[in-house]
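Engineer: take a look and give me a structure for this.
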Amino acid sequence: MLSLTPTELLAWRGFLHAHDTLWKALDAELTADELNLPAYELLTTLQEAGPDGLRMTELARRVRFSGGGLTRLADKLQAQGLIERRRCATDGRGWEAALTEQGVKKLRRVHVRHLRAVRARFLDRLTPAETELLAGLWPRFQEEDQ
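Structural biologist: Residues are numbered from 1 along each chain as shown. Sure, this is the predicted structure:
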């Protein structure tokens, strides 16, 4: 039977447990602002895209959601007044999403507190060299042909 070395097992399980712990803690902190991590990521992705927003298909790709999952989250955020969806100006068949003014304001309020939590729960526990090492490693796992 195939097995992992003790060090490999610690590395793998450590990653899984660290991800789970960080995700739950950061997600719980965002609930005070009636958001969760996927919603926060969607809002920041739209902010980075600028005032024109993004096509829904591109947004789904960037936030790693299925079309249906993105639609449900977008419905919720639109109902809260944080995003708007409209027909694409260049292609009437497609839809695009953009932050509303209310979405920009909410993101501004939440952003600083969230980044402080990311720093306290993750970055402050690493040396600058470890942070640089991790930043260089993650792209290896984002390749589609893995």
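
Engineer: okay, now the unreliable bits of this structure?
Structural biologist: 143-146 (pLDDT under 70).

Engineer: how much space between the residue nearest to the spatial centre of the chain and Leu26?
Structural biologist: The chain has Glu41 as the residue nearest its centroid, 3.2 Å off, counting by Cα atoms, centre = their mean. Distance of Glu41 to Leu26, given as Cβ to Cβ, to the nearest Å: 11 Å. All C-beta atoms are positioned from the backbone trio N, CA, C, and that covers glycine.

Engineer: what's the answer for Ala49, then?
Structural biologist: Counting by Cβ to Cβ, the gap from Ala49 to Leu26 is 22 Å.

Engineer: next: Glu58.
Structural biologist: 25 Å.

Engineer: on contacts alone, who are the packing partners of the lengthiest helix in the chain?
Structural biologist: Longest helix in the chain, counting residues (DSSP state H): helix 6-31. When contacts are defined as 3 or more Cβ pairs under 8 Å, 6 or more residues apart in numbering; DSSP states H and E, helix 6-31 packs onto helix 37-49, helix 101-121.

Engineer: how distant is the first one from the center of its chain?
Structural biologist: This means helix 37-49. Remark: helix 37-49 is offset 6 Å from the chain centroid, using Cα atoms, centre = their mean, to the nearest Å.

Engineer: ditto for the longest one
Structural biologist: Between the centre of helix 101-121 and the centre of its chain there are 13 Å (Cα atoms, centre = their mean).
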